[in-house]
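**Q** quick one, what's the 3D model for this:
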Amino acid sequence: MNPKAHFERLALYNRWANRRLYDTASALTDNQFREDRGAFFGSVCGTLNHILVADQIWMGRIEQAGPRHSALDLILHEGLADLRAAREAEDERILRVVAAQPDDRFDSLFAYTNVAGVPQELPFGPVLTHIFNHQTHHRGQASTLLSQFGLKTPVMDFVYFLTQG
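**A** Model (predicted):
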């Protein structure tokens, strides 16, 4: 399997799944969007902001550009419309960043500094896997929160994307 093509497919899946999730979240009232439901990041707002913050941190490390966040629980956008616009922009950034990587990059080591200021070095391909896996994990949490409000949550399985996307 070509690693670059694999990660480009995951980036497309990521954008597709995020769009489906945000479409469902758009049925929430502002109060529901911000209501603390006891999830790891509290609310739908907190959870979706966390995903965006983490992606901006990782993309910033890869590109050496963009916002430098020092915490994972920041609320970058209080309202869903602004958060969705930022999410869509970040998804396009992820697509561009993955496409811009030379083929040999996926097997190379990636050095970065974590949010605690500790230098790290990991293989680049597995770092990208983490980024996409992290989003999937927290989209699942957001999906549960949406179902708690009585909303029909979207199917976001990767195989569904492959067959229906």
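
**Q** drop to CA atoms for contacts and neighbour counts, all remaining ones
**A** OK.

**Q** how close does residue 87 sit to residue 148?
**A** 23 Å (C-alpha to C-alpha, to the nearest Å).

**Q** and the two? which has more neighbours close in?
**A** residue 87 (24 against 12; other C-alpha atoms under 10 Å).

**Q** which SS state does that one fall under?
**A** helix (DSSP: H, G, I helix; E, B strand; the rest coil).

**Q** wait, it touches residue 50, no?
**A** No - Residue 87 lies out of contact with residue 50 (C-alpha atoms under 8 Å); the separation is 11.0 Å.

**Q** and residue 59, that's in a helix?
**A** Yes - counting by three-state DSSP, residue 59 is part of a helix.

**Q** give me the buried stretch members for the longest helix along the chain, please.
**A** In terms of residue count, the longest helix belonging to the chain (DSSP state H) is helix 124-148. Across helix 124-148, burial judged by 16 or more other C-alpha atoms under 10 Å covers 124-125, 127-128, 131-132, 135-136, 138-139, 141-146.

**Q** so what does it touch, helix or strand wise?
**A** Applying 3 or more C-alpha pairs under 8 Å, 6 or more residues apart in numbering; DSSP states H and E, we find helix 124-148 packed against helix 3-25, helix 44-63.

**Q** tell me what whichever helix or strand comes after that helix is packed against?
**A** The helix or strand immediately downstream of helix 124-148 is helix 158-164, counting by DSSP states H and E. Contact analysis of helix 158-164 by 3+ C-alpha pairs under 8 Å, 6+ apart lists helix 3-25 as its packing neighbours.

**Q** list the buried residues for the helix it packs on?
**A** 4, 7-19, 21-22, 24-25.

**Q** nearest to residue 98, of the buried residues of helix 124-148?
**A** residue 128 (8.7 Å; C-alpha to C-alpha).

**Q** can you give me the neighbour number for residue 67?
**A** 12.

**Q** could you check the pLDDT of it?
**A** Per-residue pLDDT puts residue 67 at 82.
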